[in-house]
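> Quick check, what structure comes out for this input:
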Amino acid sequence: MADNQCDLVVLGGGSGGYAAALRAAELGRSVVLVEKDKVGGTCLHRGCIPTKALLHAGEIADQARESAAFGVKTTFDGMDMPGVHKYKDSVIAKNHKGLTGLIKGRGIKVVDGEGRLTGTTRIRRWEAGQVPAKDWAAFSMERFEGLRDMPTAEIGRLMIEPGRRGQMGLVSMSCAVYQMYAGELVADAGFINCAAGLVRHYRLLGFRTYAGDMVPTADGIEVPLVLIPSDRAYLEQAGSFMAPFTDLFYGAGKRAPVDVGRWTRLLDADSAPVRFDAAAVWERVSRLRQAADEHPSMIETLSEDTVRKLGDKGFLMNIPAGHLLTEKGLTQREIFVILEGAFEVHDRERRIALLGPGEVIGEVGFFGTSGRRMASVTAASDGQVLVLRRRFVDELMHSDPACAAEVLFGLARVLADRQYAPAS
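Numbers count the residues shown, from 1 in each chain. Okay, the predicted model is just below:
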């Protein structure tokens, strides 16, 4: 396609696809309809319509046979199947011609080929003062001075096909989301709940942590992030490829950027429930290592060099008492090292264990082929954990095999100790 800009792409020209395309065009949207066969799909060409045509021919035959009962004299000589199929084909052709004419008349561009959905997201926009109470509380929006007078949005998680995450798919999708969110929808701040292991990736896009409460969900506790599309300084600082787009929507003769100065303390990285500063991570982990007792934790048995490498890639997360850290049955590869507080491991109402500083959560999911959590974990008190992603350990196996072996041996020891520990 020479011109690949449109408001909506519809994959498949069946009854659902062309109906969606026609409605979107009726609402003034530019639409591309992708179909590898004929517009109308199975329903028009091989399913519903031809079936109904054949049934109608049979109905005419039945009426001819039974016409005497109504005082009508007819002669039924049998079925001419080539003629029946000719009638059926004429019905299909007539409907197809009408449909293609309607689609063309609405300005819908039809592309002959196949389409594939490689990513998706969702944006909910709220007018100023119209944010539902549940969402207002979940994102701690009351902490943003003046936010109630601004249009805001919730941005759903960017879902990208795994094989395309390292390609231009993520870039193009992120830019499209930014342009819709900042341009067409005109939202001054967008919020998202993010799984702990994905926070680093969203930060690279320009989302930032803030001093909001962690969000308990059915998928475990998640981190609230905010994207302020007009804050070019931060987008550039984060290295976001969306930074240049701010010039399209903000500045002289355009919309005024949001004054983020009033939110300085709220957006301070040290105030957020997650911290990525390597020095802060090392300082906190060092305190745990210095408190070693007769039963040293996994972190305490690792060399300083290995711990520093883990600290460079890991991050700190604060968990309020009563909040869920992870849920049984979830597929997660993160490892959590408790730095302070107490965490209850449970299967519904049955307590399995009560874990404290130095102990590890997630070793079963780390080693298991499915990656599924075998139990739920809830903070029994306010606590803090070090979050380590499985992917980092996998990368470490290639860049520093000795360091990776040390980590894996430590986790294996934790797993073995728990397998033979007496039930609590």
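
> so what's the backbone phi/psi at V111?
phi -110, psi 130 (degrees, to the nearest 10).

> Residues in a beta bridge with it, which ones?
Judged by DSSP bridges, the bridge partners of V111 are V34.

> Can you give me the neighbour number for it?
Look at V111: counted by other CB atoms under 10 Å, it has 16 neighbours. Quick note: C-beta positions are derived from backbone N, CA and C, even for glycine.

> Enumerate every residue touching it.
M1, V32, L33, V34, E35 (CB atoms under 8 Å, 6 or more residues apart in numbering).

> tell me the centre residue of this structure?
R157 (3.0 Å; CA atoms, centre = their mean).

> which element is it on?
Counting by DSSP states H and E, R157 is held by no secondary-structure element, helix or strand.

> Can you give me the distance of it to T121?
7 Å (CB to CB, to the nearest Å).

> Check L354 too.
39 Å.

> Which one of the two is surrounded by more residues?
Neighbour count, other CB under 10 Å: between L354 and T121, T121 has more, with 17 against 13.

> phi, psi of the more buried one?
The phi/psi pair for T121 (degrees, to the nearest 10) is phi -160, psi 180.

> Give me the pLDDT for it.
pLDDT recorded at T121 is 76.

> and what of G166?
So G166 comes in at 55 (pLDDT).

> May I see the buried residues of stretch 18-25?
Buried residues in stretch 18-25, counting neighbours by 16 or more other CB atoms under 10 Å, are found at Y18, A21, L22, A24, A25.

> In the chain, where is pLDDT below threshold?
1-4, 118-119, 160-170, 218-220, 292-295, 368, 371, 419-424 (pLDDT under 70).

> Domain boundaries for it, per the record?
8-112, 119-274, 278-419 (automatic domain parsing).

> Show me what the helix or strand containing R284 is packed up against.
Here R284 is covered by helix 278-290, with elements defined by DSSP H and E. When contacts are defined as 3 or more CB pairs under 8 Å, 6 or more residues apart in numbering; DSSP states H and E, helix 278-290 packs onto helix 298-301, helix 304-313, strand 315-319, strand 335-340, strand 383-388.

> any idea how far the longest helix belonging to the chain is from the chain center?
In the chain, assigned by DSSP state H, the helix with the most residues is helix 81-105. In terms of CA atoms, centre = their mean, to the nearest Å, the centre of helix 81-105 is found 42 Å from the chain centre.

> what's the answer for stretch 27-46, then?
28 Å.

> again, but for stretch 282-297
36 Å.

> Alpha carbons of that stretch, as CSV, please.
The C-alpha trace of stretch 282-297 is given here as CSV (Å, rounded to 0.1, in the frame of the first residue of the first chain):
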residue,chain,number,x,y,z
TRP,A,282,22.9,-2.1,46.8
GLU,A,283,22.6,-0.1,50.0
ARG,A,284,19.5,-1.9,51.0
VAL,A,285,20.8,-5.4,50.1
SER,A,286,24.1,-4.6,51.9
ARG,A,287,22.1,-4.1,55.1
LEU,A,288,20.6,-7.5,54.7
ARG,A,289,24.0,-9.1,54.1
GLN,A,290,25.4,-7.5,57.2
ALA,A,291,22.6,-8.9,59.3
ALA,A,292,23.6,-12.5,58.5
ASP,A,293,22.8,-15.1,61.2
GLU,A,294,23.5,-18.8,61.6
HIS,A,295,21.2,-19.6,58.7
PRO,A,296,22.4,-17.2,55.9
SER,A,297,20.0,-16.4,53.1
